[in-house]
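[1] below: sequence and its predicted model.
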Amino acid sequence: MRRRTKIIATLGPATDDLATLGDMMEAGLNLARFNFSHGDQAQQKERLLRLREVAEKSGCVIGVIGDLQGPKIRIRRFENNSVILNVGDRFFIDASIGESDGNQDGVGVAYEDLHKDVNQNDILLLNDGQMTLKVERVDGTRIHCTVLVGGVLSDHKGINREGGGLSAPALTDKDRSDIRFAAEMQMDYLAVSFVRSADDVREARDLLRTAGGNGAIIAKIERAEALDCIDSIIDAADAIMVARGDLGVEMGYAELTGMQKNIIRLTRRKNKVVITATQMMESMINSPTPTRAEVSDVANAVMDGTDAVMLSAETAVGKYPVAVVSAMSNVCVGAEKHSLARGRTTHRLDDRFKEVDEAIAMAVMYTANHLNVRAIIALTESGSTTLWMSRIRSDIPIYAFTPHDATSRRVTLYRGVYPVSFSIEETDKHLLYRSIFSTLLNNRLVEEGDHVIFTKGDLSGVSGSTNSMQIVEVSGSV
């Protein structure tokens, strides 16, 4: 059984070795994430060129995601690198404090307007919620707090407000520079951090297009206020990432699983792509095997219908980057065997379709799920037909035959879709079939006598022109 759920791995120091990258691709890597929160553009460029070199030598198609840092709100530094906060201690946060002037009494913050966003009795969460402060009063830029949950607080830890509501804009000057870099490097996806509304998504897309980039936009859901306008954010984006770190801190861990399931369901319903991320196999940063809880976490996301699962520090700085990709791949395959992941659905059976190629895609999947079909072959320019197909649950592989490298890389994120490089030049039907069957048989994707469905358009080279489907029997002598 071929794995349908895609695996995203973050590159970092632990993956800089060429052999390691090759082994990760062999283990099941589909897309590489470049986290702009760490390293400079020169380092990211070097990693990207190294990735493309290994992918070409390995014959692998690997999608590329550039992930913007966004307005992560962090404290500044302490004179002695850290302090110990005890329950009941008084502690202040003040944007006017110098970069390295923090001490036992208080610390600076990089976000100058934080004092405008908080009020008395608000709860501030530090270091991913490990420490909790209650706001007692606000004097000018100084936020006076009482420690409710203490611990060791070190330099540059993040701050969240319980329930959300911090007004920092989604795109910073650094993000704008990184968007230009992503366009220059022709990255396939751009992930926008701390999205508040659909306007943030549209602004990022406009900046990327102005810079000459054609990548798709991923909206990361990690702010509480994003949940209030989740429908419009999904509509504006090409893909959604359930970024469970900051979202879990702001909303509380008890609410997180239900929100994750709802976002996955809603995103797929709107024919968009969804990624589940953060701490999926966190223990494998230092351990060669995942915990049973992590296995269950990944498996549940797969059975809920996520297109991809993502690894962060596990591969970027972990001790076992190859082993964690392999482990995640095995868990995905195991979960996909479960009936909940493979069953037929009634998805969109009552809808009216706006586009011809969308209607064709739905007809293909209905037919494939009710007929003994080995594979679906989509001759595609942009990959949109395969995206619509992949929204329907099925264990039948969808092969995106395309002449465009960018389309091949983009579909690496779509659940159950696999890119096949194919030059669509033949206009004679029999010669076209022969070429397709030869490619399928040579790659051992089907066997002679299998039935496949394939879709194509009358106008080669025109995106969105798919207007026909056919059921054919594979033959080596068409």
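    Received, thanks.
[2] okay, helices next: where are they in the stretch 201-350 of the chain?
    Counting by DSSP state H, counting those that start in this stretch, the stretch 201-350 of the chain has these helices, from start to end: 230-236, 244-251, 253-269, 292-304, 313-316, 321-336, 339-342.
[3] columns mean pLDDT on top of the ones you listed, output as TSV?
    As requested, these are exported to TSV (pLDDT from 0 to 100):
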stretch	mean pLDDT
helix 230-236	98
helix 244-251	89
helix 253-269	94
helix 292-304	97
helix 313-316	96
helix 321-336	97
helix 339-342	52
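[4] can you say which of these is packed in most?
    Mean neighbours per residue, mean count of other C-beta atoms under 10 Å, is largest over the helices of the stretch 201-350 of the chain for helix 313-316, with a mean of 25. (Glycine included, C-beta is placed from N, CA and C.)
[5] from the middle of its chain, how far away would that one be?
    Relative to its chain's centre, helix 313-316 lies at 15 Å (C-alpha atoms, centre = their mean, to the nearest Å).
[6] how much space separates residue 202 from residue 140?
    Residue 202 sits at a distance of 35 Å from residue 140 (criterion: C-beta to C-beta, to the nearest Å).
[7] oh sorry, the question was meant for residue 386
    Residue 386 is 56 Å from residue 140, by C-beta to C-beta.
[8] which of residue 202 and residue 140 has more neighbours?
    Taking other C-beta atoms under 10 Å, residue 202 and residue 140 do not tie; residue 202 has more neighbours (13 against 9).
[9] got a list of what residue 364 touches?
    Taking C-beta atoms under 8 Å, 6 or more residues apart in numbering, we find residue 364 in contact with 376, 389, 453, 455, 469.
[10] so it sits in a helix?
    Yes - judged by DSSP: H, G, I helix; E, B strand; the rest coil, residue 364 forms part of a helix.
[11] ok, what's across the strand from the residue nearest the centre of the chain?
    In the chain, the C-alpha nearest the mean C-alpha coordinate belongs to residue 275, at 4.2 Å (C-alpha atoms, centre = their mean). Per DSSP bridges, the residues bridged to residue 275 are residue 241, residue 308.
[12] in this structure it contacts residue 241, no?
    Yes - in terms of C-beta atoms under 8 Å, residue 275 counts as a neighbour of residue 241; the distance is 4.3 Å.
[13] secondary structure element for residue 132?
    Element membership of residue 132 [criterion: DSSP states H and E] is strand 131-139.
[14] quick one: mean pLDDT for that strand?
    For strand 131-139, mean pLDDT rounds to 97.
[15] give the pairing partners of that strand; include direction for each.
    strand 123-126 (antiparallel), strand 142-149 (antiparallel).
[16] out of the ones you listed, which one sits most buried?
    strand 123-126 (a mean of 21).
[17] find residues that contact each of residue 275 and residue 241.
    With contacts defined as C-beta under 8 Å, 6+ apart, the residues adjacent to both residue 275 and residue 241 are 218, 310.
[18] helices along the stretch 1-150 of the chain, start to end?
    In the stretch 1-150 of the chain, the helices defined using DSSP H, counting those that start in this stretch lie at 18-27, 41-58, 114-117.
[19] now mean neighbour count, mean pLDDT and distance to residue 68 too, for those, in CSV please.
    Formatted as CSV, those follow (neighbours: other C-beta atoms under 10 Å; pLDDT from 0 to 100; distance: least, C-beta to C-beta, whole Å):
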stretch, mean neighbour count, mean pLDDT, distance to residue 68
helix 18-27, 18, 98, 23
helix 41-58, 16, 97, 12
helix 114-117, 18, 95, 21
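[20] in the strand holding residue 132, what's buried?
    Within strand 131-139, the residues scored as buried using 16 or more other C-beta atoms under 10 Å are 131, 132, 133, 134, 135, 138.
[21] hang on, the third one packs against residue 127?
    No - taking contacts as C-beta under 8 Å, residue 133 lies outside contact range of residue 127: 11.1 Å.
[22] output the lowest mean pLDDT helix or strand found in this protein.
    Ranking every helix and strand in the chain by mean pLDDT, DSSP states H and E puts helix 339-342 at the bottom, with a mean of 52.
[23] residue ranges with poor pLDDT in the chain?
    Within the chain, the ranges that satisfy pLDDT under 70 run 1, 339-354, 424-427, 457-466, 477-478.
[24] distance between the ends of stretch 281-292?
    Start-to-end span of stretch 281-292 (C-alpha to C-alpha, to the nearest Å) is 10 Å.
[25] still on that earlier bit, wait, which of the helices of the stretch 1-150 of the chain is closest to residue 297?
    Residue 297 sits nearest to helix 18-27 of all these, at 19.4 Å, using C-beta to C-beta.
[26] can I get the helices of the stretch 201-350 of the chain in TSV with distance to residue 206?
    Below are the helices of the stretch 201-350 of the chain laid out as TSV (distance: least, C-beta to C-beta, whole Å):
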stretch	distance to residue 206
helix 230-236	11
helix 244-251	25
helix 253-269	22
helix 292-304	31
helix 313-316	30
helix 321-336	35
helix 339-342	37
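[27] which residues touch stretch 75-86?
    91, 93, 97-104, 107-110, 126, 131, 147, 150-157, 159.
[28] do that again at 10 Å, thanks
    89, 91, 93-95, 97-111, 114, 126-127, 131-133, 145, 147-159 (C-beta atoms under 10 Å, 6 or more residues apart in numbering).
[29] still on that earlier bit, could I get the helices of the stretch 1-150 of the chain as CSV with distance to residue 326?
    Putting the helices of the stretch 1-150 of the chain into CSV (distance: least, C-beta to C-beta, whole Å) gives the following:
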stretch, distance to residue 326
helix 18-27, 4
helix 41-58, 16
helix 114-117, 43
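[30] what's the nearest residue to residue 414 if we skip its chain neighbours?
    Leaving out its chain neighbours, the residue that sits closest to residue 414 by C-beta to C-beta, 6 or more residues apart in numbering is residue 390, at 4.5 Å.
[31] residues touching the one you found, list them.
    Residues near residue 390 by C-beta under 10 Å, 6+ apart: 4, 268, 271, 273, 307, 361, 365, 376, 383, 398, 400, 411, 413-417.
[32] likewise for residue 111?
    So residue 111 contacts 71, 72, 73, 74, 75, 93, 95, 117, 159, 166, 167, 168 (C-beta under 10 Å, 6+ apart).
[33] top of the residues you listed by neighbour count?
    In terms of neighbour count, residue 93 stands highest of the contacts of residue 111 at 27 neighbours, by other C-beta under 10 Å.
[34] I appreciate the help and will end here.
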